[in-house]
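Q: Quick one, fold the following:
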Amino acid sequence: MDRLRNKNLPMVTIAMIALNAAVFLVMEFGSDALSSRIITDYAMSWPRITAAKEWYRLLTACFIHFGFEHLASNMFMLGVMGDRLEKTLGRFRFAVVYLLTGIAGAGASLLFHMWTQEPVVSAGASGAIYGIVGAMFGYLMIRGGFLDGVGKRQLIVMIVFMIYTSTIGDSIDIAAHAGGLLAGFLLGLLFALSSNRRQRRAWGA
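A: Now for the predicted structure:
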């Protein structure tokens with residue numbers, strides 16, 4: 001019975017929340033020097049990436065948050081939406097969505113701020129959060145139906161609202177949100193098509 005319950009737990013979602021929270025706690029309760037060093041060495045900064053070839057920042061930036069509200073809003077969305085997508089795609093594919101869309105969001109931010117020449121330092125899991133929602137929408141575009149009670153109409157409303165909120169704050173990295181959303185949508189389409197092919201092969205057998 002315990003094994004069955006563990007199979008149903010969204011373990012990757014839980015692990016990502018725990019990792020983001022752990023990094024935040026280290027920054028919040030560690031020394032000011034340590035917090036500054038984490039931001040300086042691991043947040044998204046296009047001058048540092050292009051000059052020093054520190055490409056790892058595209059991933060590490062996804063686990064750094066500036067303040068409790070920033071962390072809490074992202075982790076709430078990750079818990080609510082990540083749970084649904086992970087149970088649909090499975091742990092490995094969900095991990096792929098989370099990591100790749102987070103990197104895609106940071107990459108979009110990198111390109112946008114290189115173009116504007118703004119030396120912005122950015123971080124957060126929002127690229128991956130938008131990626132999860134985008135992947136859900138892409139998946140349902142092919143498969144139809146609902147993901148744990150959430151359908152295409154609800155996702156459209158959510159995406160419109162998320163895009164709107166991305167435009168009303170000065171410190172919001174719109175490029176990261178857009179990059180994550182688009183990457184997630186494409187991955188959702190890909191995984192839905194792959195699931196359809198597996199089903200057709202199973203029926204043919």
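
Q: which of the residues in the helix ranked longest in the chain are buried?
A: If you go by DSSP state H, the chain has its longest helix at helix 174-204. For helix 174-204, the neighbour count (16 or more other Cβ atoms under 10 Å) marks 175-192, 195 as buried. Bear in mind the C-beta positions are built from the backbone N, C-alpha and C, glycine included.

Q: Which parts of this protein are helices?
A: Using DSSP H, the helices found in the chain span residues 2-8, 11-29, 32-42, 46-52, 57-60, 68-77, 83-89, 91-116, 126-143, 152-166, 174-204.

Q: wait, isn't residue 96 in contact with residue 187?
A: Yes: between residue 96 and residue 187 there is a contact under Cβ atoms under 8 Å: 7.2 Å.

Q: Quick check: closest non-adjacent residue to the most centrally placed residue in the chain.
A: By Cα atoms, centre = their mean, the chain has its centre lying nearest to residue 128, at 0.9 Å. Leaving aside its sequence neighbours, residue 128 sits nearest to residue 102 (Cβ to Cβ, 6 or more residues apart in numbering; 3.7 Å).

Q: Could you tell me how many residues sit around the one you found?
A: Using other Cβ atoms under 10 Å, residue 102 has 31 neighbouring residues.

Q: Please list all residues in contact with it.
A: Going by Cβ atoms under 8 Å, 6 or more residues apart in numbering, residue 102 touches 59, 62, 125, 127-128, 131, 180.
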